[in-house]
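Enquirer: could you look at this predicted model? Sequence included:
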Amino acid sequence: MLCLTARLRRSSAPKPVGAVFASFPDWAHEHPLTREDPALSELISRTAIVIYGLAVTPHRRRRGIARALLTAAEEKARSTGYRLATLIHQPELKPFYERLGYTSAHHVTIPMPHAALGVTQPPPFMTAVNALHPGVRIRTVPGAPGPVVTGLPPGWDIRATRFEDGELIA
């Protein structure tokens, strides 16, 4: 679990004006593929992090605090070996997260050695993903319902892929 707070430096009694919370993704243990494969669940828990909350007090917004918190959380995750940052957000926040380097969609596919793991958010929510490691790529694949994340398992990259009838064809 990661929790970072932002405080104003010039205050004599600095109160938090923002916070970010992150941990391993619930789907690392709850997805049908990972429930049957403890090693896969453990791998995802060590390589993907979910930002569960990013908040800034209303009167302090639009000052770069959220960006600084998210960047600090990503740096902390990257330094401990995480390869992918994910978060769930409402559609109106898509431009904000895209400016910070995230790719947003209702469905994200993550190919694994034996199957493709799909992460889908029910409308109106969306999943945003951002590579934290140079070996991780977020790609547009013909026919895919959303972005495809390759390289989450180290060394696992699919170069030529397409989707047919809802299945990833490598």
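Expert: Everything's here; your move.

Enquirer: now this protein, which segments are flagged as low pLDDT?
Expert: By pLDDT under 70, the low-scoring segments of the chain are 11, 157-162, 166-170.

Enquirer: can you check which helix is longest in it?
Expert: helix 65-79 (DSSP state H).

Enquirer: which SS class is Gly143?
Expert: On the three-state scheme (DSSP: H, G, I helix; E, B strand; the rest coil), Gly143 is labelled coil.

Enquirer: returning to what we had before: within its sheet, name the partner strands of the helix or strand that the longest helix of the chain is followed by and how each one runs.
Expert: Once the chain leaves helix 65-79, the next helix or strand it forms, by DSSP states H and E, is strand 84-89. Each strand that pairs with strand 84-89, with its direction, by DSSP bridges: strand 48-56 (parallel), strand 126-131 (antiparallel).

Enquirer: for those strands, could you give me TSV that also reports mean neighbour count?
Expert: From N, CA and C alone the C-beta is placed, and that goes for glycine too. Shown next, in TSV, are the strands paired with strand 84-89 (neighbours: other Cβ atoms under 10 Å):
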stretch	mean neighbour count
strand 48-56	20
strand 126-131	23
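
Enquirer: looking at these, which is closest to Cys3?
Expert: Between Cys3 and those, the tightest spacing by Cβ to Cβ is seen for strand 48-56, at 9.0 Å.

Enquirer: run the angle between the closest one and helix 65-79 for me.
Expert: 160 degrees (axes from the mean of the first three to the mean of the last three Cα atoms, to 10 degrees).

Enquirer: picking that back up, can I get the strands paired with strand 84-89 in CSV with distance to Pro145?
Expert: Converted to CSV, those look like this (distance: least, Cβ to Cβ, whole Å):
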stretch, distance to Pro145
strand 48-56, 19
strand 126-131, 12
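
Enquirer: of all those, which one is nearest Ala85?
Expert: strand 126-131 (4.6 Å).

Enquirer: so what touches the closest one?
Expert: Contact with strand 126-131 is made by 74, 83-91, 94, 97, 100-108, 119-121, 137-138, 147, 149, 151, as judged by Cβ atoms under 8 Å, 6 or more residues apart in numbering.

Enquirer: what do you get if the cut-off is 7 Å, keeping everything else the same?
Expert: 84-89, 91, 94, 97, 101-106, 108, 119, 121, 137-138, 147, 149 (Cβ atoms under 7 Å, 6 or more residues apart in numbering).

Enquirer: ok, now stretch 30-40?
Expert: Against stretch 30-40 from outside (Cβ under 7 Å, 6+ apart): Ala28, Ser41, Ile44, Met112, Ala115, Leu117.

Enquirer: so of these, which ones are in helices?
Expert: Per DSSP H, the contacts of stretch 30-40 map to helices at Ala28, Ser41, Ile44.
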